[in-house]
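Asks: Output the structure for:
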Amino acid sequence: MNKEDVLSIIVYVSIVAVALIVGFSVLQPAIVNGYLFRDTGDNVLFTIVSILVGIVINAVFVEGGHVIGAKLGGYKIIKFNIFGFCYYKKKQEDGTFKSKFKFPKSFDGLTGETVVIPTKNPANPVYFVLTPLVLFLIEAVVMYVLIVLIPDRINGTANDLNWLKYGSIVITTIALMFFLYNYFPAHLDCLNDGYRLSLFTKRINVQAYNEYLTVLGLEQIEEKDKEFRVFDELTDFTADVNMLTVYQKTLHEEYEKAIEILDKIIESPKLSRYTVLDAKLHKAYIYLMTKLPEEAGEFYKASFSSEERKYVKKVFSMLSLRTYLLYEGLVECSQSEVEYCKSKVKKIKDSEQVGLANVEEKLFQRALAKIEEKRVEPQE
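Replies: Take a look at the predicted model:
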C-alpha cells in the first residue's frame, strides 16, 4: 500500500464519519420526533432521494465549476464527463473538431472529469481549481438560509416544509464530504483540486501543470508525436511531467535521450525518494531491455537497496511491475514470478494514471516479448 492509498483511506474514513455524525445526531432525531414522515418507508425513501440529489448537485458543481474556471483561465474544453455521461471533442481529418456524446465512458475522478487544453499564454489554472469552491460556498450559504428560516414546528405541529429543511441538511453534508475529498491538500487516488493548489505555490509548477494539461488534451484528441517541454528546474511535479517525455522516448526506442532526462532526476537532491525511485525503475527497465542480462542484473542490484527491492516486488504500478518482470524473467529466470506479474496486469493497469495506461501496456508487452525471446534462444 503506497502513500496515496493510505491518504485516500484516511479521507474516505473521514467522509464516512461525517455522514454518520449527521445521520445519527440530526436526521435520526428528526425522524423520531415526527418532523418528517410518519411512515418508515417514506422516511427511508426521503433519505435515499436526498442523498442522490445531493450527489448529483455537488458533482455538477465540481465539474461545472471546472468548466467555468477553464473558460476564465484561458482553456478549451476537450472533455466533460459526469457519472459516465461524456461530452467530448474529436478531431476530424480536415483539422476541425466535432462534438460527440458517449455513455458510459470511464473517467479519472470521484464523480467526473473535465479535460482542458491551454489556449492562452499563460493560462491560469487557479480559476479552474477554485471555481468549484466558490460554487460550494454559494451552495452552503443558500442551504444555511433555508435551514435557519424553516422552523421544525409551527404552532406545535411539524412544519410541512421540513422535507426541504432536512433535505438541505443532507445536501450540505454531501457538499462537505465532496469538499473534504476534493480539497484535501495531497494527491489521493485521483488528481484532486487540493493537490493542484498545493502545486501552484511554485510558479514553475503552474507552467508544468499547463504542459500536463496539454499532454492530456492531445491524448484525448488523439494527436500524437508532439514534443513536450522538458523542465530544467526540478520539483516532484516537473519531474513527473518530464517523465511523460521519458515514456515517449522509450516508446520510440530513443533510449539515450530518455536516460539523459532520467539521470537528472536521479541525481537531484531536491526530489522525494518516490520520484527518484520511479526514475531509477525506468532506467533499470531500459537497461534490462537493451543490455546483456548479467550487466543489467548488476545495475539493478547496485541501483536499489534491499528495502527498495521489497517495495518494487509489491508492484504498486505498471512501472514497477514491468521492471520487476524483466528482472525476474531475464536475470533470475523465474517463470513463476513472470506468471505472477502477468496475473497482476489488469488490476494495476486500471488504476494507472490517465494517458499512460496504454503506453504502459505496450511497454509491458515488450518486456514479455523480450523474455519469450530469451526463453526460445537455443542453448549453447
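Asks: list the buried ones in the helix or strand hosting Y287?
Replies: Assessed by DSSP states H and E, Y287 sits inside helix 273-290. Using 16 or more other C-beta atoms under 10 Å as the burial criterion, the residues of helix 273-290 that qualify are 275-289. Glycine gets a C-beta too; all of them are placed from N, C-alpha and C.
Asks: so where do the helices sit in the stretch 251-380 of the chain?
Replies: All helices of the stretch 251-380 of the chain, identified by DSSP state H, counting those that start in this stretch, fall at 255-267, 273-290, 293-303, 306-313, 318-326, 335-350, 357-375.
Asks: List just the one of those helices that sits closest to P125.
Replies: Smallest distance to P125 across those (C-beta to C-beta): 21.1 Å, for helix 273-290.
Asks: next one: the closest one to chain centre, how far?
Replies: Counting by C-alpha atoms, centre = their mean, to the nearest Å, helix 273-290 is centred 22 Å from the centre of its parent chain.
Asks: That one packs against which elements?
Replies: Using 3 or more C-beta pairs under 8 Å, 6 or more residues apart in numbering; DSSP states H and E as the contact criterion, the elements in contact with helix 273-290 are helix 236-251, helix 255-267, helix 293-303, helix 306-313, helix 318-326, helix 357-375.
Asks: who's in contact with that helix?
Replies: Applying C-beta atoms under 8 Å, 6 or more residues apart in numbering, the external contacts of helix 273-290 come out as 2-3, 236, 239-240, 243, 246, 250, 255, 258-259, 262-263, 265-266, 268, 295-296, 299-300, 303-304, 308, 311-312, 317, 319-320, 322-323, 326-327, 330-331, 363, 366-367, 370.
Asks: just stretch 231-240 next, same as before
Replies: Contact with stretch 231-240 is made by 199, 202, 204-205, 207-209, 211-212, 241-242, 264-265, 268, 270-272, 275, 279, as judged by C-beta under 8 Å, 6+ apart.
Asks: Just the buried residues from these, in ChimeraX please.
Replies: Buried members of the contacts of stretch 231-240, identified by 16+ other C-beta under 10 Å, are gathered into one ChimeraX selection as follows:
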select :199,205,207,208,209,211,212,241,242,264,265,271,275,279
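Asks: which SS state does Q28 fall under?
Replies: helix (DSSP: H, G, I helix; E, B strand; the rest coil).
Asks: In terms of residue numbering, what are the domains of this protein?
Replies: 3-76+125-194, 227-375 (automatic domain parsing).
Asks: and of the helices of the stretch 251-380 of the chain, who's closest to K91?
Replies: Using C-beta to C-beta, the nearest of these to K91 is helix 357-375, at 17.5 Å.
Asks: which other helices and strands contact that closest one?
Replies: helix 236-251, helix 273-290, helix 318-326, helix 335-350.
Asks: Give me the longest helix you can find in this protein.
Replies: Ranked by number of residues, the top helix in the chain under DSSP state H is helix 40-73.
Asks: Adjacent strands (with direction) for the next helix or strand along the chain from it?
Replies: With elements assigned by DSSP H and E, the helix or strand that comes after helix 40-73 is strand 75-82. Strand pairing for strand 75-82, determined by DSSP bridges: strand 85-91 (antiparallel), strand 112-118 (antiparallel).
Asks: can you give me the strands for the stretch 101-250 of the chain?
Replies: 112-118, 153-154, 157-158 (DSSP state E, counting those that start in this stretch).
Asks: Mean neighbour count added to the ones you listed, as CSV?
Replies: Below are the strands of the stretch 101-250 of the chain laid out as CSV (neighbours: other C-beta atoms under 10 Å):
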stretch, mean neighbour count
strand 112-118, 23
strand 153-154, 12
strand 157-158, 12
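Asks: Same list (those) but as a markdown table, adding mean pLDDT and distance to L20.
Replies: Listed next are these as a markdown table, based on pLDDT from 0 to 100; distance: least, C-beta to C-beta, whole Å:
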| stretch | mean pLDDT | distance to L20 |
| --- | --- | --- |
| strand 112-118 | 94 | 26 |
| strand 153-154 | 94 | 26 |
| strand 157-158 | 94 | 25 |
